[in-house]
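1. structural data only, the sequence is not supplied:
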Ligand code: FE
Ligand code: CA
């Protein structure tokens, strides 16, 4: 049996078969680990292990069917059979965290796999595999990443996640839209999976149960069990096209939206293997950070939503993204920021001090500019992504150039299409100073075909494809990075196969992707 079958076998025996078919609500006697296990935030001496006790993951009170706090034991082992246990302990769950657990494991050896599991209510969870990062400055020679974005439960099966789990990678990067907050109107006819959950998420209970729904998926559970992850969010973890404290709907008051966002961020924390320190400055949730992999790579995770300036060039009462004419002054206003001034400063400080061979920047949106036409034919650009925050983009690329950052490569999502782009010093012109890859959606509806007609105006975009669903992989060595666009055969087929659409190399010291 290969490792994937082991995972799926473990899951079938332990947890989530109930979620595979139509009924989402588990039986009353369901085991506690219906949401699987996860690990994340790897450091050279440890990582976070996660689970959430939820015998009834759709319980209307958002408590997963737990009525009193549960005692949960955990074990970390050096071997897959869990014989050589190196850490163990136990903890009580709390209703305040919806009976989720985030256990920080330390004191481990660098750059090696570990296995972990939980025990509660007389049941054992599936076994997950984590991995520590290499020691500081270690001369490590290989790192394999798998990256995904935009997984809408109702528009497809998570076959992309199943194939990612089988890639035998070191680290998963979730680049945003891990859930969709949308309601499920009966008028939508192209849905592949329908759940009896019709309301758009607005409250903590609704966001909790939405994450729980997603986490009952066996393919997503297999992915989380296969490797540790890092995650950033995009808009749909809260609401389509929101910015910081501002809803896309201009009439919703900041105070009201702030409460909704707080609930959504809380549910994100409860379901991701994040360190509890991300809550230290509540109501801020600090998910941006740097993760070092020896001398080979630094992974910088950015937050493109929490701190951004209000949407540029708004029209009427709507703050939704749209193509605004280039004459709109907001677009270039230096006082506006995508990352917020504190995160910008932190990012540029990191560029100055980081000496890793590869600098992977994991974030949610297309960085490359994209010339488009407004509805009345004027030259314009889309306001929702980096093009709506041109001054911040310019400062960021300038900081990369002036600090002589080694091999910067941006990975993003959001577009529901693949893009390969050269990031040029002056946007459309000037020397290429960084490489960009955008992954298509796991399942969400693809980008409009009209985007393809903009390509002649955007020669720095080397590749565009909006016909597929899938994910990206990247393998880093000291001399080159190889990235693959992996596509699944059919989002409506739970047994979809995978193939490679495109493969690119980036050579050390030479920004820009080369097709291989
Ligand atoms: Fe999306
Ligand atoms: Ca998005």
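-> Cool, the structure landed. Model, not experiment: these values are computed from the prediction. Ligands and ions are numbered 1, 2, ... in the order given.

2. mind listing what whichever residue of the stretch 301-450 of the chain sits closest to ligand 2 touches?
-> The minimum distance from the stretch 301-450 of the chain to ligand 2, using Cβ to the ion, falls at residue 414 (4.1 Å). C-beta here means a position set from N, CA and C on the backbone, and glycine is covered the same way. Residues near residue 414 by Cβ atoms under 8 Å, 6 or more residues apart in numbering: 149, 150, 175, 176, 177, 234, 364, 365, 366, 385, 438.

3. residues near the residue in the stretch 201-350 of the chain that ligand 1 sits nearest to, how many?
-> Closest to ligand 1 within the stretch 201-350 of the chain is residue 236: 5.8 Å, counting by Cβ to the ion. Residue 236 has 23 neighbouring residues, counting by other Cβ atoms under 10 Å.

4. nearest to residue 321 among the contacts of residue 414?
-> Proximity of these to residue 321 was ranked by Cβ to Cβ; the top entry is residue 385 with 7.6 Å.

5. spell out which parts of the stretch 351-500 of the chain neighbour ligand 1.
-> Residues of the stretch 351-500 of the chain that fall close to ligand 1, judged by Cβ under 5 Å from the ion: residue 444.

6. which residues of the chain fall in helices?
-> Residue ranges of the helices in the chain, as given by DSSP state H, are 3-14, 17-20, 159-165, 204-215, 218-226, 254-271, 341-353, 390-402.

7. output those in JSON lines; the columns should cover mean pLDDT.
-> Listed next are the helices of the chain as JSON lines, based on pLDDT from 0 to 100:
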{"stretch": "helix 3-14", "mean pLDDT": "36"}
{"stretch": "helix 17-20", "mean pLDDT": "35"}
{"stretch": "helix 159-165", "mean pLDDT": "98"}
{"stretch": "helix 204-215", "mean pLDDT": "97"}
{"stretch": "helix 218-226", "mean pLDDT": "98"}
{"stretch": "helix 254-271", "mean pLDDT": "97"}
{"stretch": "helix 341-353", "mean pLDDT": "97"}
{"stretch": "helix 390-402", "mean pLDDT": "97"}
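
8. okay, these in JSON lines with mean neighbour count next?
-> Compiled in JSON lines, the helices of the chain are given as follows (neighbours: other Cβ atoms under 10 Å):
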{"stretch": "helix 3-14", "mean neighbour count": "17"}
{"stretch": "helix 17-20", "mean neighbour count": "18"}
{"stretch": "helix 159-165", "mean neighbour count": "26"}
{"stretch": "helix 204-215", "mean neighbour count": "22"}
{"stretch": "helix 218-226", "mean neighbour count": "27"}
{"stretch": "helix 254-271", "mean neighbour count": "19"}
{"stretch": "helix 341-353", "mean neighbour count": "15"}
{"stretch": "helix 390-402", "mean neighbour count": "19"}
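
9. those helices: which one's closest to residue 410?
-> Minimum separation from residue 410 across those (Cβ to Cβ) falls at helix 390-402, 9.7 Å.

10. next, the angle helix 341-353 makes with that closest one.
-> 20 degrees (axes from the mean of the first three to the mean of the last three Cα atoms, to 10 degrees).

11. heads up, I number from 19, so please use that
-> Done: numbering now begins at 19, and the last item shifts to helix 408-420.

12. residue contacts, residue 117?
-> 70, 71, 72, 81, 82, 84, 87, 88, 111.

13. with adjacent residues omitted, what lies nearest to the last one?
-> In this structure, residue 111 finds its nearest non-sequential neighbour in residue 117, 3.8 Å apart by Cβ to Cβ, 6 or more residues apart in numbering.

14. same check on the first one?
-> Residue nearest to residue 70 in three dimensions, not counting chain neighbours: residue 118, with 4.0 Å by Cβ to Cβ, 6+ apart.

15. and the third one, by the same measure?
-> Ranked by Cβ to Cβ, 6+ apart and with sequence neighbours excluded, the top spatial neighbour of residue 72 is residue 82, at 2.9 Å.

16. sorry, back to before: also near ligand 2: which of the contacts of residue 432, exactly?
-> Applying Cβ under 5 Å from the ion to those, those adjacent to ligand 2 are 195, 252.

17. now render the contacts of residue 432 as JSON lines, adding pLDDT.
-> Below are the contacts of residue 432 laid out as JSON lines (pLDDT from 0 to 100):
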{"residue": "167", "pLDDT": "98"}
{"residue": "168", "pLDDT": "98"}
{"residue": "193", "pLDDT": "98"}
{"residue": "194", "pLDDT": "98"}
{"residue": "195", "pLDDT": "98"}
{"residue": "252", "pLDDT": "98"}
{"residue": "382", "pLDDT": "98"}
{"residue": "383", "pLDDT": "98"}
{"residue": "384", "pLDDT": "98"}
{"residue": "403", "pLDDT": "96"}
{"residue": "456", "pLDDT": "98"}
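
18. any idea which of the contacts of residue 432 is closest to residue 442?
-> For these, the closest approach to residue 442 (Cβ to Cβ) belongs to residue 384, at 14.0 Å.

19. so who does that closest one touch?
-> By Cβ under 8 Å, 6+ apart, residue 384 lies in contact with 403, 404, 405, 430, 432, 433, 437, 439, 454, 456.

20. now do it against ligand 1, distance only.
-> Taking Cβ to the ion, to the nearest Å as the measure, residue 384 falls 12 Å from ligand 1.

21. around ligand 1, pick out the residues from the stretch 19-168 of the chain.
-> Contact residues, the stretch 19-168 of the chain versus ligand 1 (Cβ under 5 Å from the ion): residue 168.

22. noted, bye for now.
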